[in-house]
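Visitor: got a structure for you, letters missing:
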């Protein structure tokens with residue numbers, strides 16, 4: 001692949017990662033403010049800024065010569081895929097909550113079809129379509145997801161959160177670009 005094309009793809013990937021960094025940074029600051037006022041989720045207040053810092057550390061490692069382009073592209077692709085999985089996990093799968101016992105999504109949230117009341121007010125919405133549900137905003141309105149699959153639940157959450165939609169779209173694009181660049185670098189190393 002021509003160096004100019006490779007550089008443009010890497011720049012496009014970096015811009016997409018920067019979008020994710022900005023969303024994570026602002027989201028983390030907002031969540032930290034919510035925690036300070038008693039409304040936020042402490043785990044989010046840590047994970048969101050961490051989501052901003054990790055790509056910056058990777059970029060710094062590249063700029064300092066610690067990482068070669070192949071490593072940066074591969075780790076960058078993996079990191080973006082991890083962010084996509086983490087979003088799905090927090091909103092639909094629940095692996096991290098189950099494994100750690102940490103309350104990531106808000107008070108009382110559960111992903112196994114039991115009632116999940118985020119605000120302690122007994123109002124809720126259903127992730128699994130089985131009649132058990134949880135409330136995100138305490139507005140006393142329950143709702144089911146249009147599609148009760150993990151993918152459908154994630155899509156519903158992305159529809160409701162423009163910042164997350166922008167961030168996850170950027171991360172998916174960056175993962176594709178960095179994955180392609182990894183393959184190109186790997187093939188160049190072998191030739």
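Guide: That came in fine, so what should we check first? All values reported here derive from a predicted model rather than from experimental measurement.
Visitor: list the buried residues of stretch 51-63.
Guide: Residues of stretch 51-63 classed as buried by neighbour count (16 or more other Cβ atoms under 10 Å): 51-52, 54-55, 58-59, 62. Heads up, the C-betas are built off the backbone N, CA and C, glycines and all.
Visitor: closest one to residue 164 out of these, please.
Guide: The closest of the buried residues of stretch 51-63 to residue 164 turns out to be residue 51 (Cβ to Cβ; 11.5 Å).
Visitor: surely that closest one touches residue 83?
Guide: Yes - because the distance of 6.3 Å satisfies Cβ atoms under 8 Å, residue 51 is recorded as touching residue 83.
Visitor: anything in contact with each of these two?
Guide: residue 20 (Cβ atoms under 8 Å, 6 or more residues apart in numbering).
Visitor: how close does the nearest residue to residue 54 once chain neighbours are set aside sit to residue 155?
Guide: Spatial nearest neighbour of residue 54, excluding adjacent residues (Cβ to Cβ, 6 or more residues apart in numbering): residue 79 at 6.1 Å. Distance, residue 79 to residue 155, using Cβ to Cβ, to the nearest Å: 22 Å.
Visitor: tell me which residues touch the residue nearest to residue 54, please.
Guide: For residue 79, counting by Cβ under 8 Å, 6+ apart, the contacting residues are 54-55, 58.
Visitor: with pLDDT and distance to residue 176 as extra columns, can I get those residues in a markdown table?
Guide: Shown next, in a markdown table, are the contacts of residue 79 (pLDDT from 0 to 100; distance: Cβ to Cβ, whole Å):
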| residue | pLDDT | distance to residue 176 |
| --- | --- | --- |
| 54 | 97 | 19 |
| 55 | 97 | 16 |
| 58 | 96 | 17 |
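Visitor: what's the closest of these to residue 90?
Guide: residue 54 (16.5 Å).
Visitor: just confirm the closest one is within a strand.
Guide: No - read with DSSP: H, G, I helix; E, B strand; the rest coil, residue 54 is helix and lies in no strand.
Visitor: now the helix or strand that contains residue 17: buried residues?
Guide: Element membership for residue 17, per DSSP states H and E: helix 3-36. Within helix 3-36, the residues that qualify as buried are 6, 9-10, 13-14, 16-21, 23-25, 27-28, 31-32, 35, counting by 16+ other Cβ under 10 Å.
Visitor: likewise stretch 65-74?
Guide: 67, 69-70, 72-74.
Visitor: average pLDDT across stretch 19-39?
Guide: For stretch 19-39, mean pLDDT is 95.
Visitor: quick one: contacts of that stretch?
Guide: By Cβ under 8 Å, 6+ apart, stretch 19-39 touches 40-42, 44-45, 47-52, 55-56, 80, 83, 163-164, 166-167, 170-171, 174.
Visitor: next secondary structure after the worst-scoring helix or strand of the chain on mean pLDDT?
Guide: Ranked by mean pLDDT, DSSP states H and E, the helix or strand of the chain with the weakest confidence is helix 95-100, at a mean of 84. Downstream of helix 95-100, the first helix or strand assigned by DSSP H and E is helix 150-160.
Visitor: please consider this matter closed, and thank you.
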